[in-house]
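J.: curious how this folds, go ahead:
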Amino acid sequence: MQERSTLVKNEEESFEMESVDRIIWSHKKDTGPVVVIFAGIHGNEVAGIHASRRLARSLSENTDLLNGSIYMISGNLKALREGVRYLDRDLNRLWGEVSNGALENESNDLDSPELKEADELLATLNEVVNEHRFVTQDLKFIDLHTTSAESCAFILFNDTLENRKSASYFPVPQILGIEETIHGTLLSYINDLGYPAIGFEAGKHEAKSSVDRMEAFLWLYLHHTQVYTLKLREVHYYEKMMHGDSEIEDSYYEISYHHYVDDASQFKMKEGFLNFDPVYKGDLLANEKGEPIYAPKSGLIFMPLYQSKGNDGFFILRGRSAFWLELSSKLRGSFINNYLHLLPGVEKEQDRVFTVDLKVAKFLVKEIFHLMGYRVIRKDPHTLLCYKR
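T.: Numbering: from 1, shown residues only. Here you go, the predicted model:
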C-alpha cells in the first residue's frame with residue numbers, strides 16, 4: 001500500500017547537508033494546535049531531516065487540510081554540515097546552562113559552536129512561542145533522533161501526565177524519566193517552560209528504515225493532535241511501519257542504571273548488543289581505559305555507545321507496569337503530597353522541592369517520589385533532590 005507521495009524517497013534524500021536551513025518548513029494558522037518538530041540536534045542523525053523534508057513535500061500540497069500550525073526546525077547546522085555528532089559540546093546536554101542564563105551572560109562570548117547554535121535555536125523557539133501563546137496554549141514539541149546501535153523505534157519522555165498522553169498513541173516501547181540520568185536536554189528545557197515534549201528514536205543512524213519510521217511517526221503525531229486527519233487505513237499503515245517486525249514488547253520502561261563515559265575514545269562497547277537485549281548481572285559489557293566493565297544488575301541494555309563521541313556508554317532498563325502508571329496518575333494530585341516531609345530522612349527545601357538523606361531513608365525512596373510525580377536527582381552519594389515535575 002503506497003500512501004500519498006510520502007514514500008517517494010530518492011530525489012529529496014540526495015541533498016547535501018549544506019542546504020539545510022534553520023526552518024525546514026513551516027505553516028502558520030491563527031487557530032488550532034501548534035506542533036514544533038526538531039530534527040538534527042545531533043549532526044550525525046540526519047534521518048529526522050530527511051523525514052521532515054518528505055513530510056513537508058506532502059503537506060505543502062495539502063495545506064488546506066491542515067487544522068493547525070507546524071514548524072520543522074533543524075538543530076546543529078554546523079555539525080550537520082560536517083556529519084559529526086557535535087563540534088565542541090553536545091547540543092542536547094547544555095540546556096540546563098541555558099536555563100541558568102548562560103546565553104545572557106555578557107562575559108560569555110559564545111565561543112563554543114554549540115552555544116551559538118543554542119542561541120539561534122532559542123531565538124527561533126521564542127519566536128514560535130510568542131507568535132502563538134496569546135492565542136492558544138496548545139503547543140506541543142517533538143525531538144527526532146536515531147541511535148548508534150541497531151534498534152526498534154521507541155519514545156523517550158520526561159514523566160509528566162501530559163507527556164504520557166502524547167506518547168500513549170504509538171505502538172512502540174516507551175522510556176520514562178530520561179531526565180533523571182541525562183541532564184540538559186532540549187526536551188527538559190521545553191518541559192520546564194510548561195509545554196509537553198517527547199522524543200522519538202527511530203532506529204540506527206544509517207538505516208533507511210529509520211527515515212520510514214520517523215515519517216510514519218510524524219504523520220501519526222499530526223493525526224493524534226488533530227492537526228491533520230488521516231483515514232483509518234492510513235493510521236493502520238503508519239502504525240505498522242513504525243512497529244515494523246520488532247518483537248520488543250510495546251510497554252513502559254525506566255532507566256535503572258546509567259554508565260557515564262568521560263572520554264568516548266577510551267570506551268569500547270562489546271560488539272553485537274542491540275537495544276532491549278537482555279543482560280544479566282556480571283555480564284561483560286564493555287572495556288574502558290583498559291578495564292572490563294560488567295553489568296551491575298540485570299535488565300535490558302539500552303543505547304549502547306558505538307560511536308566516537310558521547311558520554312552515555314550504556315543504560316540498563318527495567319519494565320514498569322501499567323498498574324504502577326495508573327496508580328501514580330491518581331496520586332500525583334492527592335493530599336499525600338502535603339505530608340511527604342514527615343517521611344524519615346525527608347526535608348522540605350522549598351515549595352515542591354525535597355531533599356532525602358539516604359543514610360536515614362533506605363527503602364523505596366525513588367519509587368515513592370516517582371509515584372507522587374517528582375523528578376529524583378542524586379545530589380551527592382548520600383542525598384537525593386526531588387522536585388515536582
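J.: check contacts around Asn95.
T.: Actually, residue 95 is Trp rather than Asn. For Trp95, the contacting residues are 118, 184-186, 188-189, by C-beta atoms under 8 Å, 6 or more residues apart in numbering. Bear in mind the C-beta positions are built from the backbone N, C-alpha and C, glycine included.
J.: can you spell out which helices and strands pack onto the longest helix anywhere in the chain?
T.: For the chain, the longest helix by residue count, based on DSSP state H, is helix 113-132. If you count contacts as 3 or more C-beta pairs under 8 Å, 6 or more residues apart in numbering; DSSP states H and E, helix 113-132 packs onto strand 34-39, strand 69-74, helix 77-82, helix 95-99, strand 139-147, helix 186-193.
J.: tabulate the CA atom coordinates of the fifth one in CSV.
T.: As requested, C-alpha coordinates have been extracted for strand 139-147 and formatted as CSV (Å, rounded to 0.1, in the frame of the first residue of the first chain):
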residue,chain,number,x,y,z
LEU,A,139,1.8,24.0,21.8
LYS,A,140,3.4,20.6,21.5
PHE,A,141,7.0,19.7,20.8
ILE,A,142,8.8,16.6,19.4
ASP,A,143,12.5,15.9,19.0
LEU,A,144,13.7,13.3,16.4
HIS,A,145,16.7,11.1,17.0
THR,A,146,18.5,7.9,15.9
THR,A,147,21.0,5.6,17.7
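J.: give the partner strands of it in its sheet and their orientations.
T.: Counting by DSSP bridges, the strands paired with strand 139-147 are strand 34-39 (parallel), strand 197-204 (parallel).
J.: tell me the helix or strand right after that strand.
T.: Sequence order places strand 154-157 as the next helix or strand after strand 139-147, per DSSP states H and E.
J.: next, the buried residues of the helix or strand just after that next one.
T.: Moving toward the C-terminus from strand 154-157, the next helix or strand (DSSP H and E) is helix 161-167. Within helix 161-167, the residues that qualify as buried are 162-164, 166-167, counting by 16 or more other C-beta atoms under 10 Å.
J.: which one of those residues is nearest to Leu331?
T.: Arg164 (13.9 Å; C-beta to C-beta).
J.: mind listing what that closest one touches?
T.: Applying C-beta under 8 Å, 6+ apart to Arg164 gives the contacts 157, 325, 329.
J.: contacting residues for the first one?
T.: By that I understand Phe157. Counting by C-beta under 8 Å, 6+ apart, Phe157 touches 163-164, 166-167, 174-176, 178, 187, 197-199.
J.: so what pLDDT did it get?
T.: With respect to pLDDT, Phe157 has a value of 94.
J.: what of the second one?
T.: According to the prediction, Leu325 has pLDDT 81.
J.: that one reaches Tyr252, doesn't it?
T.: Yes. Counting by C-beta atoms under 8 Å, Leu325 touches Tyr252, with 6.2 Å between them.
J.: pick out whichever of these two has more residues nearby.
T.: It is Tyr252, of Leu325 and Tyr252, that has more neighbours when counted by other C-beta atoms under 10 Å, with 20 against 17.
J.: list the contacts for the nearest residue to that one once chain neighbours are set aside?
T.: Once flanking residues are discounted, Tyr252 sits nearest to Arg320: 4.2 Å by C-beta to C-beta, 6 or more residues apart in numbering. Residues near Arg320 by C-beta under 8 Å, 6+ apart: 176, 251-254.
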